[in-house]
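# Okay, here's the prediction I keep looking at, along with the sequence it came from:
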Amino acid sequence: MTYLLFRCFICLWRVLPIALLICAFTTSAFAQAPEAAKPSDVRIIIDVSGSMKKNDPQNLRRPALDMLIKLLPEDSKAGVWTFGQYVNMLVKHRLVDEQWKQEASNDAQTINSVAQFTNIGEALEKASYDKHYSTKDQFQTHLILLTDGMVDIARDPAANVMERNRILNEILPGYQDAGFTIHTISLSDNADKKLMDRLSLATNGQSVVAKSADELMQVFLQVFNQAVPKEEVPLEGNSFFTDSSIEEFTALIFRQPGSPQAQLISPDQTAYTKATKDPTVSWFGTNEYDLITVKQPLEGEWRILADLEPQSRVTVVSDLSLVVKPIPTNLLINDQVDLSLALREENKVIKRAEFLNLLDIDVTVKAIDHLKEGGDKEGGDKENGDKQWQKRLSDGLVPGDGVFTDRLDYFRETGQYSITVNVDGKTFQRRFNQQVSVRNAFAVESSVDDKDGKTQYKVMVIPQDQSVNLGKTQVVGKLKDPSGASNIKNFRFTDEQLWELLIHPQQQGEYFLTLRITTVNEKGDTNNIIPKPLSFTYPLTDNVFEPDAVVDEQTDIPIDEPVEPEPISTSNTAEPAPEQTSEAEQTPPEKEQPKDYSRWILYGVLVSVNIFIVLIVYILYRKLFKRKTAVADDDQQPGDAKPAAAAAASASGSEEPPMDEMAINDLADDDIDLSTDADAEADPDLDISEDNDPLADLSPDALDDDDAASDDEDPEFSLDDFAPDALDDDDDNK
């Protein structure tokens, strides 16, 4: 019996830690289950100032806005505002339906470029009129701001500066508190890109630039996809597949120049065109795109006969949907994305293993082609100048909770990346796609101008990490002049929420500027970030500065030991300089991650449980041992030199030992003398019974001696007899 209890506790001891680990990971997985997205509340603000006549001469804002209006789902809310000197609500902000779409399309044709000034602040205020009582639990609010200029409310520059600061210090915090997201579109280089970036980064929105009005359509769509995410099916080549769960699909087709008018071919080979009259098909076509909606589509392969642009897509409305946990729009270099996705049917996560085993889930991370060219890194495949990485999430055992997870860590360069998830369920297909921007924690920009007839160089350090404590961040520089002398320069923090240094050169020749940015995190730890050095030549040449392109995070780099740049021709672009840098400079920064103590807590629990089990085993063993000894003492007759059982065994010489003696292995040394109790009585030093040693139970070191004493008092319960392998020897000896 003792042996069986002992083995049970040993098994429990081994299994319990594994069970705890399984429970911990299972709980973590369930916590990551993505929820269905809320309906979108989209508020579009469009600049109608006079400068738009130059930057958008064909008024392409009209068809771009009209496309967004037609793409809005009917469970969303929307409104349109225009602004110049004054702000007007062009389309009333309310729930979207067919009547709203018709009115909005008509009103979009009235957009013009006749207003004076650019009153961005008032436009932001009026578009967020309900931020204090907004129903953000019901909708996810996104604001899309299009402008081509700076903050301009008066002819007095000081008034414009004050208004800009009011936007940053008063209006923007209200958007953050309300949970609103601002997406900005800058049309032309005259737009205040710093302000646009600040508004978007602070609210986790996109900040994009349309270099010309011809790009407005694609830029509007890119931002719209972020504001109103829709489930897609893969459009491979010119075909896509529908399944029985799809209630409706919408194909947005961008045709290449010179392409013939599009045709849509159904699975039963029926051809649809813009002129087709069918109550289940809605077709809207322009010179730029075709928007086709089909309700209750046939199941099978659909084909599009046209020369398609890559931006074409097919979105669906279905009871079987792919849901992805929201991904941040803006990342820092070396940030990681925790991807979590699941399939929902009737708004419930599908957990059936027989269904999940049929899925092929592939994730593709692609760097957009404007990233600097170079060799592939981290297994990236180069395709048309892009770098991309692929992995399959569905390999291995399917998750018990139906949630597939992975960690994406491919964001090691600045630029735009796309994250695409393709699900192939053999009888259905789904796709998710999102773009993210990867930035440095700090951007360094420079400019040169003449002030009072003297050349002035300006260097600006712009924070792009929203977790940076601006009040505790310090920026200093070491300026080395042509004579070799160096001076420490402190940057000034301005009302524009950036650090600025003005340089007035006196000597002719080349100057070098080394920067150090010292940040303090929420725990009080300091980090030093060392951007690549800048250089410029005075008097002014065709090129001014070598710009900073990569920010390297290092520690313990004193400002009096700067990294000197190689002599190069300076440039005013944002591309990296071709000089050779040290290994420390080439190392991308690692964003400090918050410490995770959950693993140590789990280890502590496991150790405590193990100690508890050991104590239970020890106590039970001791109690069983004492009980056996007490029973043996009661059975022994007074004056006997041996117990009765031992005497009988000695007399017969053939009787088997008691079953208790066959329970466990031999735990005593071979040289222990267990002959008779008379020996113990003859030698007082061997008398270590509980009567003579009351502290024996409290002393772990005396455990062996205590066991030996018990053996002397009761040979029937000898530890040597617990070894099954020694039974034959015991019989012979006895």
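Thanks, I have it.
# Quick check: Ser40 touching Ser76?
Yes - in terms of C-beta atoms under 8 Å, Ser40 counts as a neighbour of Ser76; the distance is 4.8 Å. Backbone N, C-alpha and C define where each C-beta goes, glycine included.
# Show me whatever sits in contact with both of the two.
Here Ser40 and Ser76 have 139, 228 as joint contacts, going by C-beta atoms under 8 Å, 6 or more residues apart in numbering.
# which one of the two has more residues nearby?
Neighbours per residue (other C-beta atoms under 10 Å) separate Ser40 from Ser76, with Ser40 holding more: 22 against 18.
# which residues does that one contact?
With contacts defined as C-beta under 8 Å, 6+ apart, Ser40 is in contact with 73, 76-77, 139-142, 227-228.
# Which of these are buried? Put it as a ChimeraX command.
Only the buried entries of the contacts of Ser40 go into this ChimeraX selection, using 16 or more other C-beta atoms under 10 Å:
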select :76,77,139,140,141,142,227,228
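# Could you list which of the contacts of Ser40 belong to strands?
Among the contacts of Ser40, the members found in strands (DSSP state E) are 77, 140-142.
# With pLDDT and distance to Ser113 as added columns, please give the residues you listed in a markdown table.
Shown next, in a markdown table, are the ones in strands among the contacts of Ser40 (pLDDT from 0 to 100; distance: C-beta to C-beta, whole Å):
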| residue | pLDDT | distance to Ser113 |
| --- | --- | --- |
| Lys77 | 95 | 28 |
| Gln140 | 93 | 32 |
| Thr141 | 95 | 28 |
| His142 | 96 | 25 |
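# which of these lies closest to Gly402?
Using C-beta to C-beta, Gln140 is the member of the ones in strands among the contacts of Ser40 that sits closest to Gly402, with 24.0 Å.
# what's the burial count for the nearest residue to that closest one once chain neighbours are set aside?
Closest residue to Gln140 in three dimensions, ignoring its sequence neighbours and counting by C-beta to C-beta, 6 or more residues apart in numbering: Lys38, at 4.6 Å. Neighbour count of Lys38, defined by other C-beta under 10 Å: 14.
# quick one: secondary structure of Lys38?
Judged by DSSP: H, G, I helix; E, B strand; the rest coil, the three-state class of Lys38 is coil.
# How about the contacts made by the nearest residue to Arg439 once chain neighbours are set aside?
Among residues not flanking Arg439 along the chain, Gln464 sits closest, at 4.7 Å (C-beta to C-beta, 6+ apart). Contact partners of Gln464, counting by C-beta under 8 Å, 6+ apart, are 197, 201, 330, 332, 439-443.
# so can I have CSV of those showing neighbour count?
Below are the contacts of Gln464 laid out as CSV (neighbours: other C-beta atoms under 10 Å):
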residue, neighbour count
Asp197, 19
Leu201, 22
Asn330, 21
Leu332, 21
Arg439, 20
Asn440, 23
Ala441, 20
Phe442, 24
Ala443, 21
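# Which single one of these is nearest to Glu215?
Using C-beta to C-beta, these come closest to Glu215 at Asp197, 18.2 Å.
# give me every residue that touches the closest one.
Under the criterion of C-beta under 8 Å, 6+ apart, the neighbours of Asp197 are 184, 207, 462, 464.
# Surely the first one and Thr203 touch.
Going back to what we said before, that points to Thr184. No - applying C-beta under 8 Å, one finds Thr184 not in contact with Thr203, separated by 9.8 Å.
# These two - which one has more neighbours?
Taking neighbours as other C-beta under 10 Å, Thr184 and Thr203 compare with Thr184 leading, 28 against 23.
# Can you tell me the SS state at the closest residue to that one other than its chain neighbours?
Distances taken as C-beta to C-beta, 6+ apart place Met196 nearest to Thr184, at 3.9 Å, with adjacent residues excluded. Under three-state DSSP, the three-state class of Met196 is helix.
# Met196: neighbour count?
Residue neighbour count, defined by other C-beta under 10 Å, stands at 22 for Met196.
# And it, how close does it get to Asp41?
21 Å (C-beta to C-beta, to the nearest Å).
# How about Arg164?
Look at Arg164 and Asp41: by C-beta to C-beta, they are 27 Å apart.
# same deal with Asn422?
Asn422 is 29 Å from Asp41, by C-beta to C-beta.
# repeat for Thr273
Taken as C-beta to C-beta, the span from Thr273 to Asp41 is 35 Å.
# Settle it for me: which of these two has more neighbours?
Legend: neighbour count by other C-beta under 10 Å for Thr273 and Asp41, higher for Asp41 (25 against 15).
# pLDDT below threshold where in the chain?
For the chain, applying pLDDT under 70 flags the ranges 1-32, 134-136, 369-386, 541-603, 605, 625-734.
# Now the phi/psi pair for Val219, please.
phi -70, psi -40 (degrees, to the nearest 10).
# Do I have it right that it meets Ala210?
Yes - counting by C-beta under 8 Å, Val219 touches Ala210, with 4.5 Å between them.
# Of these two, which one has the most company?
Set Val219 next to Ala210 and count neighbours by other C-beta under 10 Å: Ala210 wins out with 24 against 19.
# if we look at the sheet, which residues does the more buried one bridge to?
As for beta bridges, Ala210 partners with Leu187 under DSSP bridges.
# for the stretch 301-450 of the chain, what spans make up the strands?
Secondary structure of the stretch 301-450 of the chain (DSSP state E, counting those that start in this stretch): strands located at 313-318, 320-324, 330-332, 337-345, 348-349, 360-367, 381-383, 386-392, 404-408, 415-424, 429-439, 442-451.
# Which residues does the fourth one contact?
Contacting residues not belonging to strand 337-345 are listed as 32-34, 36, 245, 319-325, 327-328, 331, 349-350, 359, 361, 363, 393, 402-409, 411, 419, 421, 423, 425, 430, 432, 436 [C-beta under 8 Å, 6+ apart].
# Can you flag the buried ones in the residues you listed?
Buried members of these, scored by 16+ other C-beta under 10 Å, are 32-34, 245, 320-325, 327, 331, 349, 359, 361, 363, 393, 402-406, 408, 411, 419, 421, 423, 425, 430, 432, 436.
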